[in-house]
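K.L.:
Next comes the sequence, and after it the predicted model I'd like to discuss.
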Amino acid sequence: MSTSTTTSGPAAGALDDLAPTRFVDAAGTRIRIRESGDPAAPPVLLLHGIGRSLEDWDPQHPRLADGYRVIAADLAGFGFSGRPPGRASLEVLADTAVAVLDAVGETRPAHLMGNSLGGAVALLASTRHPQRVASLVLADPAGFGRLVTPALRVLGVPLLGPWLLGHLDVAAVRRGERALFVDPALVTEERVALAVELGRRREHLDTFVEIATELGTVAGVRPGWRRALLADAAANPAPTLVVWGERDVILPAAQLRTAARQLPGVQTHVFGRTGHMPQIERPQEFATLVREWLPR
């Protein structure tokens, strides 16, 4: 396991030329995506965490587009994507994520990168659709331990969780954003405004509650789905890189040991002085590590 403590922020102007988002029909669900890079290059699919959106991967577009076809997606029901038919579930999120590849005409196996919940979605996609997944990069992924921040545990409480989500004010949203990063400068007004906007979308809130209830309780992450997922992943391993922020207060970095122990041949890396989103807080180091690892 390697550790990085180098600091760097997004390059000035690096995000100025991001392609606009658009919507695609992924197996009947309206999904918002952002694409960059060469359509003929190897595909990379980027998946965000619970209650988040594809903007969490924006710093990686300019860093990965040279050499890859980069596709970031709002998970079904989250961000500005539509809700899938029926109740949201981890399986539905994984299947719809793979359907995004079909929607953009991508038939080659893709490199899946997921942060937090997106890591669990990517891992599940690799077991349900192994022929569609070339490799996995999991950043502070869910599914490797019981512990999770109390702010998420309480959302799994019936009635209380939905009520709390529906009554978040700007100050609460800002505190939530602050918990994601070591560097307070990353809690920008743009990030807070986006989180507030997402929190007012009924589809987003309903999906948040359903996924939080399925995956966790007030005691922490449910063990049943975690054990089943890790057993399936160990039996059908994809090449996997797992990275973690050393100071993650959402999902403790100690959970990286479970990944190293249970996933055959996994490579791991710890970003020093980094929180829950190394792809944002250590954008260049993250991209350099990924670009060095993927060709292997």
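P.N.:
Thanks, I have the structure now. Because the structure is predicted, anything quoted here is derived from the model rather than measured.
K.L.:
What pLDDT does the model give the nearest residue in space to Ile31 that is not next to it in sequence?
P.N.:
Spatially, and ignoring its direct neighbours in sequence, Ile31 is nearest to Ser81 (4.7 Å; Cβ to Cβ, 6 or more residues apart in numbering). For glycine as for every other residue, the C-beta is placed from the backbone atoms N, C-alpha and C. At Ser81, the predicted lDDT confidence score is 98.
K.L.:
looking at this, Ser81 is in a strand?
P.N.:
No. Following the definition DSSP: H, G, I helix; E, B strand; the rest coil, Ser81 is coil and is not counted among the residues of a strand.
K.L.:
I figured it was touching Arg32, is that so?
P.N.:
Yes. Because the distance of 5.1 Å satisfies Cβ atoms under 8 Å, Ser81 is recorded as touching Arg32.
K.L.:
got any residues that touch both of those two?
P.N.:
73-74 (Cβ atoms under 8 Å, 6 or more residues apart in numbering).
K.L.:
Tell me which of these two has more neighbours.
P.N.:
Neighbour comparison, Ser81 and Arg32: the larger count goes to Ser81, with 26 against 20 (by other Cβ atoms under 10 Å).
K.L.:
how near is the residue lying closest to Val290 once chain neighbours are set aside to Pro43?
P.N.:
Ranked by Cβ to Cβ, 6+ apart and with sequence neighbours excluded, the top spatial neighbour of Val290 is Val137, at 5.7 Å. Val137 sits 13 Å away from Pro43, taking Cβ to Cβ, to the nearest Å as the criterion.
K.L.:
Please identify which of the two sits among more neighbours.
P.N.:
Neighbours per residue (other Cβ under 10 Å) separate Val137 from Pro43, with Val137 holding more: 26 against 23.
K.L.:
pLDDT score for that one?
P.N.:
Reported pLDDT for Val137: 98.
K.L.:
thinking again about what came up before, quick check on the residue nearest to Ile31: phi, psi?
P.N.:
Dihedral pair for Ser81: phi -80, psi 160, per degrees, to the nearest 10.
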